[in-house]
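1. From the sequence below, what's the structure:
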Amino acid sequence: MNNMLTPLTKNELLQIFDDTALNVLELCMKKYLLSQPERLVGQYPLPIQAPKEYIEQWIIQALGSTPINNRSYSLDIIKPNEFAADIKVISCKLNVYGELSDTTSGEISLSQNPHMNLNHNFIQQNYDTITNNLIEILKDKLSKVTKELCVNKLYYIFILRTDTKFHLCAANINIDNLNIISTNKEKTTSTSIFINNIIDDNFGNAKIYKSKKRLELRLKPKYWVENNYTITFNFNDFIPPMVNLRKLVEEKNNNISECLQYLIRGYIKNE
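-> Okay, here's the model as predicted:
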């Protein structure tokens, strides 16, 4: 079936992210981990948190690409004459065993129209009108990128984030297939519209939420990982040292430089 998004296999992903790019990403991630909060003795490590703006910058550095600073475009980065991409950071759920759960991920927004009277259209069951409106907005934004920035390839680059791992994956954006996107009327309810032809059901699904006034995509991370569509960065062993910072500062006579050196040595040792 033709869809707007075609997930890249691991081999296809490696054509975008060469060895140097992957090493740059690992360097950025490990450098960032140095700033994670230290634990007190006996305290369980906190989940790794990284804002989307930081991860976007990591990928810019890794690919040797350029940020798209004009917010009128819907994508984040560009490699001139090659491709443009939108960076999406997605949180993923784990089961009681610390493994990826067989559920969908957190949501990411694909298209939004805050001025559309969704309440009226939902009441009138004008589901196709709602779908067509949001898809047309998405199509206009993506087409603007290809025309004005002169690139033919568009990607969503996903970072699937769990407690101690980052899974890198991506999907090709097929603009022509936006024309065949339709409302899944069998699944549609009075509060949300399911959408056909965004992505294969094995990889995720897309809905329009009445309350949020936007089209959202959710992935199925377990399927991506188990079927070799991701590159995983595992930091299970990169655990912040157990340090009482108040005692450390007192022991170093309030010498912050010495405190920093001590902490950095602790991270490197744990690595």
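2. so Asn113 touches Ile135, yeah?
-> No. The criterion here is Cβ atoms under 8 Å, and Asn113 misses it with Ile135 at 10.6 Å. Just so you know, the C-beta spots here come from the backbone N, C-alpha and C atoms, and that holds for glycine as well.
3. which of these two has more neighbours?
-> For the pair Asn113 and Ile135, the greater number of neighbours falls to Ile135 (23 against 16), based on other Cβ atoms under 10 Å.
4. now that one, nearest residue through space, not along the chain?
-> Once flanking residues are discounted, Ile135 sits nearest to Ile181: 5.1 Å by Cβ to Cβ, 6 or more residues apart in numbering.
5. Contact partners for Ile130?
-> Going by Cβ atoms under 8 Å, 6 or more residues apart in numbering, Ile130 touches 116, 118, 121-122, 183, 193, 208.
6. any chance of the residues you listed in JSON lines, with secondary structure and pLDDT too?
-> Shown next, in JSON lines, are these (DSSP: H, G, I helix; E, B strand; the rest coil; pLDDT from 0 to 100):
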{"residue": "Met116", "secondary structure": "coil", "pLDDT": "78"}
{"residue": "Leu118", "secondary structure": "helix", "pLDDT": "79"}
{"residue": "Asn121", "secondary structure": "helix", "pLDDT": "87"}
{"residue": "Phe122", "secondary structure": "helix", "pLDDT": "87"}
{"residue": "Thr183", "secondary structure": "strand", "pLDDT": "94"}
{"residue": "Ile193", "secondary structure": "strand", "pLDDT": "94"}
{"residue": "Ile208", "secondary structure": "strand", "pLDDT": "92"}
